[in-house]
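*Asks:* no FASTA, just this:
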Ligand code: DON
């Protein structure tokens, strides 16, 4: 535990509640002048409304909307449009996302699937090298091949139509002002540009934006303007979201993807025209006396989290000392079981029979929990055979290969009317496909598909590429309820490690009695398939010898979560942002 950090944060929280700092910190975007970010707060309290987002300027845009009486969805529109500008490596108009929304008025929890789709022309061989093996990861990512149909604006439009109060023009205004007036490049963005090197020079349009006149990566504090982004938003404000999905912008997106000579893609204007957001039933299950709900398939995340929570509770987790090697071995092995199921069963539910209910059915989980009876699971972990409640049983899906690397963003918002949302947005890898058009980056979401369409036994993989299909995700927007009342909204970026990050924070807060900020800052330990990953440079590494003695291979590495959470308590709202990124809490 980073006790010093936690103590500092608690002190800061007492000394500088969010509400008290806003008036002096926030600099309104001037007509033509650049804006620097207000000081970020990694923790804060508020009376009735709050936003936690990955950049102070985005959090402030959302806070201002909420202060004007805007809904949580209104604030999300403003936040995502600013994030697409100031945190362009993570999410934006060229990507997609999942939104979990609690409506206080009608007591309904719903989820919006704004996942990118594979172009209609794509097939299972999309990521196969000429010899039949998988393409090297970055050869697949960089360029047009990996670009799925952008979905973010359609998602925001669908949610705004249902839950919006303020006009879209008002919600786009902060992003337009910042894009025209300029904003200071954050330390994290500058760092990530510098790490990119030649990959980000693949497309001259992206290179011209992210490198200076001397071809050097933009430095922290450099003022960046993006008139093309402002113009795109102005067109959407004037003509609606169709201005993006039809006509010149759609045409230019497709031209950029297809004319990439090194790595052309298959996206067509018809893919953009036909893109549709899908409203889906969230998945829910019990944990520690609460009810945990999240985005269902095509996300694998919340289902895996629910499986792990149920498995550990069934095996006496409550009796194990918090943070002990014994507790982590149970979490680790339950995670390995969940990841085995994920790999075999999870994909686009509109294209493959995903046994979503079966995977979290008590009888199935009790059967799987028996595998946890020994000291440590020996060797490779098998997937189980959950019950199907629909669809004909097709041949058993095979095991896929889906590499993933960092970017992505998480936003949580609560408005004064009590509406609550948890949203993860992404362009997949850092800087996505590295292709830039009309001021935004295009995603590489298609590399979330399995590169191999069949496994070693010749079984078709559930998450293989097919035209129009949505790639499997790990994004885990989650809302936790107690007695039908929402008490916590949470999520994180991190690729397939999102599952471990969100799981750990839920355990820390709901089972181990940590404060919210402690739970988000706690050093990470996680297990996907085999090795136990521990966060390098933190107290988590102290458990390495014990975990090693239990039989695990232990790897210490940088585990760059970006958790964001809001807790609704009896005395108001508590917000927390992950100290590993630039996230900020803002509220009233
Ligand atoms: O949908 C997914 O699961 C991934 N495309 C998310 C990528 C991500 O979180 C990268 N992380 N830092």
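*Replies:* That came in fine, so what should we check first? Just so it is clear, the model here is predicted, and its values are computed rather than measured.
*Asks:* all strands in the stretch 451-588 of the chain, in order from the N-terminus.
*Replies:* 478-482, 485-491, 525-527, 532-535, 554-557, 564-569, 572-577, 584-587 (DSSP state E, counting those that start in this stretch).
*Asks:* make JSON lines out of these and add distance to residue 262.
*Replies:* Using the backbone N, CA and C atoms, a C-beta is placed for each residue, glycine as well. Formatted as JSON lines, the strands of the stretch 451-588 of the chain follow (distance: least, C-beta to C-beta, whole Å):
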{"stretch": "strand 478-482", "distance to residue 262": "39"}
{"stretch": "strand 485-491", "distance to residue 262": "35"}
{"stretch": "strand 525-527", "distance to residue 262": "35"}
{"stretch": "strand 532-535", "distance to residue 262": "33"}
{"stretch": "strand 554-557", "distance to residue 262": "31"}
{"stretch": "strand 564-569", "distance to residue 262": "36"}
{"stretch": "strand 572-577", "distance to residue 262": "38"}
{"stretch": "strand 584-587", "distance to residue 262": "38"}
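*Asks:* any chance of TSV for those, columns mean pLDDT and distance to residue 209?
*Replies:* Formatted as TSV, the strands of the stretch 451-588 of the chain follow (pLDDT from 0 to 100; distance: least, C-beta to C-beta, whole Å):
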stretch	mean pLDDT	distance to residue 209
strand 478-482	98	34
strand 485-491	98	28
strand 525-527	95	34
strand 532-535	95	32
strand 554-557	93	30
strand 564-569	97	26
strand 572-577	98	27
strand 584-587	98	24
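*Asks:* just name the most buried of these.
*Replies:* Highest mean neighbour count among the strands of the stretch 451-588 of the chain (mean count of other C-beta atoms under 10 Å): strand 584-587, with a mean of 30.
*Asks:* got the contact list for that strand?
*Replies:* Counting contacts by C-beta atoms under 8 Å, 6 or more residues apart in numbering, the residues outside strand 584-587 that touch it are 18-19, 22, 38, 40-47, 49-56, 58-60, 62-63, 66, 573, 575-577.
*Asks:* thinking residue 452 is in contact with residue 134, fair?
*Replies:* Yes - with contact defined as C-beta atoms under 8 Å, residue 452 reaches residue 134; the gap is 5.8 Å.
*Asks:* the more surrounded of those two?
*Replies:* The residue with more neighbours, out of residue 452 and residue 134, is residue 452; 21 against 16, by other C-beta atoms under 10 Å.
*Asks:* how far away is the more buried one from residue 521?
*Replies:* 38 Å (C-beta to C-beta, to the nearest Å).
*Asks:* per-residue confidence averaged over whichever strand or helix holds residue 291?
*Replies:* Using DSSP states H and E, residue 291 sits in strand 290-294. Here strand 290-294 scores 98 as its mean pLDDT.
*Asks:* go through the helix or strand just after that strand and flag the buried ones.
*Replies:* Downstream of strand 290-294, the first helix or strand assigned by DSSP H and E is helix 301-314. Applying a neighbour-count criterion of 16 or more other C-beta atoms under 10 Å, one finds 301-314 buried in helix 301-314.
*Asks:* wait, which of the residues you listed is closest to the ligand?
*Replies:* Distance ranking of the buried residues of helix 301-314 against the ligand, using C-beta to the nearest ligand atom, places residue 301 first at 7.1 Å.
*Asks:* ok, residues contacting stretch 162-180?
*Replies:* Applying C-beta under 8 Å, 6+ apart, the contact partners of stretch 162-180 are 29, 31-32, 35, 57, 60-61, 64-65, 68-74, 77-78, 81-82, 84-86, 101, 103, 160, 225-227, 229-230, 233-234, 236-237, 419, 439.
*Asks:* and those, which are buried?
*Replies:* Among the contacts of stretch 162-180, the ones that count as buried by 16+ other C-beta under 10 Å are 29, 35, 57, 60-61, 64-65, 70-74, 77-78, 81-82, 84-86, 101, 103, 160, 225-226, 229-230, 233-234, 236-237, 419, 439.
*Asks:* once you drop chain neighbours, what's closest to residue 527?
*Replies:* Distance criterion C-beta to C-beta, 6 or more residues apart in numbering; nearest residue to residue 527, sequence neighbours excluded, is residue 332 at 3.7 Å.
*Asks:* assumed the one you found was part of a helix.
*Replies:* Yes - counting by DSSP: H, G, I helix; E, B strand; the rest coil, residue 332 is part of a helix.
*Asks:* tally up the residues packed near it, please.
*Replies:* Residue 332: 26 surrounding residues under other C-beta under 10 Å.
*Asks:* return the residues in contact with residue 577.
*Replies:* Shown in contact with residue 577 (C-beta under 8 Å, 6+ apart): 40-43, 52, 54, 520, 563-564, 583-585.
*Asks:* hey, what's it bridged with?
*Replies:* residue 564 (DSSP bridges).
*Asks:* would you check how far apart it and residue 475 are?
*Replies:* From residue 577 across to residue 475, the span is 17 Å (C-beta to C-beta).
*Asks:* go on, residue 66?
*Replies:* To residue 475, residue 66 is 24 Å away according to C-beta to C-beta.
*Asks:* which one of those two has more residues nearby?
*Replies:* The neighbour comparison of residue 66 against residue 475 (other C-beta under 10 Å) goes to residue 475, with 30 against 26.
*Asks:* what is the residue lying closest to that one once chain neighbours are set aside paired to in the beta sheet?
*Replies:* With C-beta to C-beta, 6+ apart as the criterion, residue 475 has its nearest non-adjacent residue at 3.9 Å, and that residue is residue 424. Beta bridges link residue 424 to residue 98, residue 410, judged by DSSP bridges.
*Asks:* for the residue nearest to residue 527, which residues are in contact?
*Replies:* Contacts of residue 332 (C-beta under 8 Å, 6+ apart): 525-527, 532, 547, 552.
*Asks:* switch the cut-off to 10 Å
*Replies:* Taking C-beta atoms under 10 Å, 6 or more residues apart in numbering, we find residue 332 in contact with 308, 312, 325, 376-377, 500, 525-528, 530-533, 547, 550, 552.
*Asks:* the ligand contacts on the stretch 401-550 of the chain?
*Replies:* Residues of the stretch 401-550 of the chain lying near the ligand by C-beta under 6 Å from any ligand atom: 404, 406-408, 426, 428, 445, 448, 473-475, 493-495, 498.
*Asks:* need the distance between the two termini of stretch 220-228.
*Replies:* From its first residue to its last, stretch 220-228 covers 22 Å (C-alpha to C-alpha, to the nearest Å).
*Asks:* please renumber the chain so that the first residue is 811 from this point on.
*Replies:* I'll keep to 811 as the first residue from here, and by that count the last item is stretch 1030-1038.
*Asks:* in the stretch 1211-1360 of the chain, which spans are helices?
*Replies:* Shown for the stretch 1211-1360 of the chain, the helices assigned by DSSP state H, counting those that start in this stretch span residues 1308-1316, 1326-1331, 1354-1360.
*Asks:* buried subset of the contacts of strand 1394-1397, written for PyMOL?
*Replies:* Command for PyMOL that selects the buried part of the contacts of strand 1394-1397, burial taken from 16+ other C-beta under 10 Å:
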select buried, resi 828+829+832+848+850+851+852+853+854+855+856+859+860+861+862+863+864+865+866+868+869+870+872+873+876+1383+1385+1386+1387
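*Asks:* next step: the contacts of strand 1394-1397 restricted to strands.
*Replies:* Within the contacts of strand 1394-1397, residues falling in strands by DSSP state E are 853-856, 860-863, 1383, 1385-1387.
*Asks:* quick check, stretch 1153-1166 touching the ligand?
*Replies:* No - Stretch 1153-1166 lies apart from the ligand when judged by C-beta under 6 Å from any ligand atom; the minimum separation is 10.8 Å.
*Asks:* go on, stretch 959-970?
*Replies:* No - taking C-beta under 6 Å from any ligand atom as the criterion, stretch 959-970 and the ligand are apart, separated by no less than 11.7 Å.
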